[in-house]
Each structure stands twice: as C-alpha cells, then as structure tokens.
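In: have a look at this prediction, sequence included:
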Amino acid sequence: MKEKIISLLKQTIEELVQAERIPECNMDTITVTTPPNKEFGDFASNLAMTMASKIKKPPREIAKAIKEKMEAMGDIIERIDIAGPGFINFYIKPVMWTSVLNDIHDQKELYGTSSFGRGKKVQVEFVSANPTGPLHIGHGRGAAVGDTLVRILSAAGFDVEAEYYINDVGNQMNNLGLSVLSRYRELFGNEISFPEQGYKGDYIKDLASDLSKIHGESLLKEDTSKAVEICRQFASRAILEEIKDDLQDFNVSFDHFFSESTLYENNEVDAMLGYMKEKGLSYEDEGALWFKTSNFGDEKDRVLRKQDGTLTYFAPDIAYHKDKIERGFTQIIDIWGADHHGYVPRMKAAIEALGADKECFHALLIQLVSLIRQGKPVQMSTRSGEFITLKEIIDEVGKDVARYFFLMRRCDSQLVFDLDLAKKKSDENPVYYIQYAHARICSILANAAEQGMTPDMETAALGLLADGEDLELIKVIAAYPDVVTGCAADLEPHRIAFYLLELATAFHRFYNKSRVISDDGRMTKARLVLISAVRQVLANALALMGIDAPESM
RNA sequence: GCCCCCGUAGCUCAGUGGAUAGAGCACAGGAUUCCUAAUCCUGGUGUCGCAAGUUCGAUCCUUGCCGGGGGCACCA
C-alpha cells in the first residue's frame, strides 16, 4: 500500500514538473511514513517541506499543488489533507485495504516476500565457535540473530548463504588435545599436571572417557605429540558433531561449514601473503611481517606473522575473506560478539586492501547476554568451565522461547535473559501470547469447519470489513511486507519480534470485541477470510524467526 | 589515555530530522450464560543523561561533558 502511494506521488511530481508548476527535483528521496496519530491519515509525506528550501516556495503552497493533482487521479485515495507546517496526509479508501486479503490468499506463505534484494548474492557468517567446547548462551544469541537474518534476507529477495567458519587450526586446538590427554591419563591413575590454559569443563572428562573405551590404555605408550594429535582430532570432531546437533535442535541451519584448515590445504594463506607483498601492503619489521592497515583507516598496522614464525589469527582470516570475495558475494555479513569490535577496522582495511568495496562488508556486533534466575544473576565464566550452555537453555525453556528472547532486543543492546519469565506460561511471556493468537484462530477455523464453513474468497463480501475493528486488523497485516523489507535493508531482525507482538495484540483485541462465527452469515464468511489471513501472516512472521505456529495450546 | 555500544515512564525496552515521544511488565479497578481468560477494557507518569551547535524544526545529526558496559596483543 505504501509503495502504491509512493509511485502515485512520483507520478504526480513528474506531471507537475512537466506542467512547469515546479522545477526538476530528485525523486529518490521521497519518503512516505505512517503518521503517529490516526487523525493524520493512513500515510503522510513531508515532501513539501523538504522541497520548500530547494525551490523557494512555501511548503503549504507546494503541498496544495500536489494535493489537487493527486486527488484528481486517485482510485485509491479518498482524500488528502494538508496539515501543520506542510505535511501531506493521505486517507486511503477503506475498501482498498481489503484487497490485501486477496494478496494474502493468493500468496499464502509467500506473502511478505519481495524482490527487494534483486537476487544479489549475500553471505551471512555466524556462530563460528571453535570446536573446543559446547555452544554457550552467547553463541545462542548469535545463532538466533544470524539464522533469522538469513531467513529475512531470503524473504526479501536476496540469494543468501549461511556459513559457519570452523577455527580448527592453531593453539586452541592444541590446547584441546592437551586437555583431553591429561584427563585421559588421569583415568589411568597418572597424576599429570593439568595444562594452565586448558579447558576445565566436565565435557573434557567425558571425551577422555570415550577415548579410553576406544583405545584402552594404548595412548599412554604413544609419544606425547602423537597422543595429543589423536586426542585433538577425536575431541574436535566429537564436539563439532555436538555443536551441529545443538544447532539443529535450535532450528538453525547452515548451507556451508567452512574449515580453516582448507585455507592452508589450498595454499590460500600463502596466496594472500603473496598478494600483500606484491601490492606493497606488507613489510618486515623487528622480525615480524606487518600489514599496512593504517593505510585504510586503522589506527596502527597489524602483524600477520609473528617473530616466532607462526601466523596470527588475522592472517588466515584475511585469506578467508579473500575467499568470500572471490566467491562473488556482493554483501558479506559477519556476526561477531561485541567484544570483537576492535577487530572491525582492521577487517574493513583488509577488505579494501583486497580490492573490494569496503561498503560490502558489514560486521554485526552482538552484545552480551546475562542470565537471571530468581532475580539474581547467574555467574558464568568460560575459563573456569562454568557456563550455561545453549543446550541447557533449550532444555529448560524450549527452542521457541529461547529464539524469541534472543531477538527481542536490538543486537547492540545488552540482553538480560530472565529464566523465570521465559518459563512462565502466562500473559507476561510474549512468546505464548503470540502463539496463542495463532492457536485461537486455528480453533475458530476448526469450529467453523465443523459447521461446514471454510474461508472462501469467491463468496465473501469483503466490503463488510472496511470499517471498525476489522479494518484496524487489516491495516496491521497490510504493513507486514514493509516490515520484512525494512528488517532486510537495515539488518535489524528484532523488528519482526516487535511486529509479531503488535499483530497478536491487534488480533486479541479484535477477538474480544467481535465474534467471528455469528448469526450474520455474510459477516461470518467475511471474517473467516480475515482471520485466515491473520493466521497466515502470524505463521509467516513466526517462520522468519524459526518459531513454531501451534494449532492448539 | 584512546576507541566502540548504551543512557527514553517505577522496571525491561521500542521509536523518529517533523505534528500530542510509545509498548510490555509492575500497580488499581472492571469484563466471560457465547468461537481457548495463555484473552480483553479503563486508569498516568517523562528535564528522551547534561550542555552547546547545525536546522524552518533535534529525543534523533555534530561536538564536549557525566554515568554504565565492552575493547585497546607479535591471544584467538
């Protein structure tokens, strides 16, 4: 509907320009918004005010010219008001709104999708936790945000790939092997000092125990380096499988798991270093190899290869992003924990140095999650191995509630996850409130079906809905496509969560004021079409968040 | 010291270069012979952290300050 107003407005301006009533102007900046108050119409534009300074005419005069022209050509518009300093307020003919019911009926689960993204290739990389331990609650937020963003971008017409980068090379992995080996030796009574930087969680003991069932005592006799290698491989594979299981239980899926080790196998890291040298972007100093990130806006240069000859984490990461660029993505979106924000300028520098447009790279930073149980914070520390895992959260509150809670704040806002609220099956819990709206509609539709009535577009008199509570509800579902494209354009998945709450509220209000199945046969038919459309939109929006739409509760 | 994010109702948080800044919770009262009461309705509160600047217009943009969190590695 908003799109229709914008195109009408553009057409009007063009005609006014041709008639030389106003001079040429830029049409791309036309904005149409939903006004803060119903009294100001269904849509409003501040166009006349923004044009006023450029063409040196009073805004109300410009608005008047637009109003006269547009009112004459509108099948959609009932009337136009000029208000305040020069707002143009549009009032849509009530009957026009009911056409959205036809759209929803025709498009079903595709209602809300668009060609906004024009099929552009986009990659979203998220979670990417090292396979050194189970996913914890912080990863959960990243997973919920990333997966939902992928679904939204896809709905908005982008060609999206979801990728998980596995850091399966380097110190952390060695550390994992050492930790498991120590626990393994412990099992056989060998008192071995546990590595200082080792992983202390109980899952390490479980892995050691599994290993002992396969290998018996044989690893005790191996060289330490070989034993560590065996432990490392066994543990990282097992942990990665567990991560994948957790993600599946969380309704999160990836198109591609990208292993860091393949960068070395395919010589991509060396190739990147060669590229840097060739372009004169790297230099040797104090025995280390540096990358001139300061040429691209970073505050200082960064080390690629350390004095001891080993590479920093940054080096393979550049090679990884080079690989992404070469795969032809027009947008590369990385979802990181907010503690990595200092890493953004150097990654942007790398993207630019690699010859790509730095605007194509977006780092979405996810703020911290803290847990509250019985009003008290739950202490967590990765180092001590005391952290709440994603699996524990899912087991305790369920996948749907967890996903919603992770998405009910803006990404850059810290999140307090209240476990008691999450488990409450009452009106305080927004997830059940929303799902209940869907279940209620299903229940009404089932009752209607028992009486031999199903929603039928052909025979329903939709004109009956162009008023009162019915119209209010229609306006909410009509806004849905704009919400989806808005989320995609600004990379803000949390807006779906807020929209769902708004839609559920609108439906519950409608339910309490109006009966769907009544003695009035014509109204019953029309409202069955209406609630069936509402159900479809609830289901579509819930699907974007990866949350179930239950038929009964 | 430098950098990033946040600061909006009692609490948790949305929101916007524009019109009277919103929701949920909490608190109080009310609604169901009828499609699920996991529901709805009615109540009111704001120095949009502080100050200056840009603007016809700033809670929003810029700068400085205050407060909270995070980051400043030849760790990953």
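Out: Received it, and whenever you're ready, just let me know what you need.
In: out of everything not next to it in sequence, what's closest to the residue in the stretch 401-550 of chain A that RNA strand B sits nearest to?
Out: Nearest residue of the stretch 401-550 of chain A to RNA strand B (Cβ to the nearest atom of the strand) works out as A:D427 at 2.5 Å. Placement of C-beta: from N, CA and C, glycine included. Distances taken as Cβ to Cβ, 6 or more residues apart in numbering place A:Y433 nearest to A:D427, at 5.9 Å, with adjacent residues excluded.
In: so what's that neighbour up against?
Out: A:427, A:501, A:504, A:508 (Cβ atoms under 8 Å, 6 or more residues apart in numbering).
In: if I look at A:Q18, how far off is A:A63?
Out: 19 Å (Cβ to Cβ, to the nearest Å).
In: please apply the same query to A:P94.
Out: Noted for A:P94: a distance of 24 Å to A:A63, by Cβ to Cβ.
In: more crowded one of those two?
Out: Neighbours around A:P94 and A:A63, counted as other Cβ atoms under 10 Å, are more numerous at A:A63. The numbers are 26 against 18.
In: just give the nearest non-adjacent residue to the more buried one, would you?
Out: With sequence-adjacent residues excluded and distances taken as Cβ to Cβ, 6+ apart, A:A63 is closest to A:A48, at 3.8 Å.
In: what about the one you found, which SS state?
Out: Under DSSP: H, G, I helix; E, B strand; the rest coil, the three-state class of A:A48 is helix.
In: need the contact list for it.
Out: A:A48 sits next to A:59-60, A:62-63, A:66, A:82, A:86-88 when contact means Cβ under 8 Å, 6+ apart.
In: so which of those belong to helices?
Out: Applying DSSP state H to these, the entries found in helices are A:59-60, A:62-63, A:66.
In: for RNA strand B, state which of these is nearest.
Out: The closest of these to RNA strand B turns out to be A:P59 (Cβ to the nearest atom of the strand; 7.5 Å).
In: run a quick neighbour tally on the closest residue to A:S294 other than its chain neighbours.
Out: Nearest residue to A:S294 in three dimensions, chain neighbours excluded: A:D301, at 5.2 Å (Cβ to Cβ, 6+ apart). A:D301 has 18 neighbouring residues, counting by other Cβ under 10 Å.
In: now A:I325
Out: By other Cβ under 10 Å, neighbour count at A:I325 equals 18.
In: quick one: secondary structure of it?
Out: Quick answer, by three-state DSSP: A:I325 is helix.
In: for it, give me its contacts.
Out: Neighbouring residues of A:I325 by Cβ under 8 Å, 6+ apart: A:332, A:351, A:354-356.
In: quick one: buried ones out of the residues you listed?
Out: Among the contacts of A:I325, those classed as buried by 16 or more other Cβ atoms under 10 Å are A:332, A:351, A:354, A:356.
In: could you identify the most distant pair in these?
Out: A:I332 and A:L354 (10.8 Å; Cβ to Cβ).
In: intersection of neighbour lists for the two?
Out: Residues touching both A:I332 and A:L354 (Cβ under 8 Å, 6+ apart) are A:321, A:325.
In: low-scoring pLDDT stretches of the stretch 1-150 of chain A, where are they?
Out: Within the stretch 1-150 of chain A, the stretches with pLDDT under 70 are A:23-29, A:74.
In: any residues of it in contact with RNA strand B? List them.
Out: Contacts of the stretch 1-150 of chain A with RNA strand B, taken as Cβ under 7 Å from any atom of the strand, map to A:33, A:35-37, A:39-40, A:44, A:46, A:49-50, A:52-53, A:83-85, A:87, A:89, A:130.
In: which of these count as buried?
Out: A:35, A:40, A:44, A:46, A:49-50, A:52, A:87, A:89, A:130.
In: got JSON lines for the residues you listed, with distance to A:N447 too?
Out: Shown next, in JSON lines, are those (distance: Cβ to Cβ, whole Å):
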{"residue": "A:P35", "distance to A:N447": "38"}
{"residue": "A:F40", "distance to A:N447": "39"}
{"residue": "A:A44", "distance to A:N447": "40"}
{"residue": "A:N46", "distance to A:N447": "47"}
{"residue": "A:M49", "distance to A:N447": "51"}
{"residue": "A:T50", "distance to A:N447": "52"}
{"residue": "A:A52", "distance to A:N447": "56"}
{"residue": "A:F87", "distance to A:N447": "45"}
{"residue": "A:N89", "distance to A:N447": "41"}
{"residue": "A:N130", "distance to A:N447": "53"}
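In: next step: those residues restricted to strands.
Out: Judged by DSSP state E, strands contain the following of these: A:44, A:87, A:89.
In: having no further points to raise, I will conclude here.
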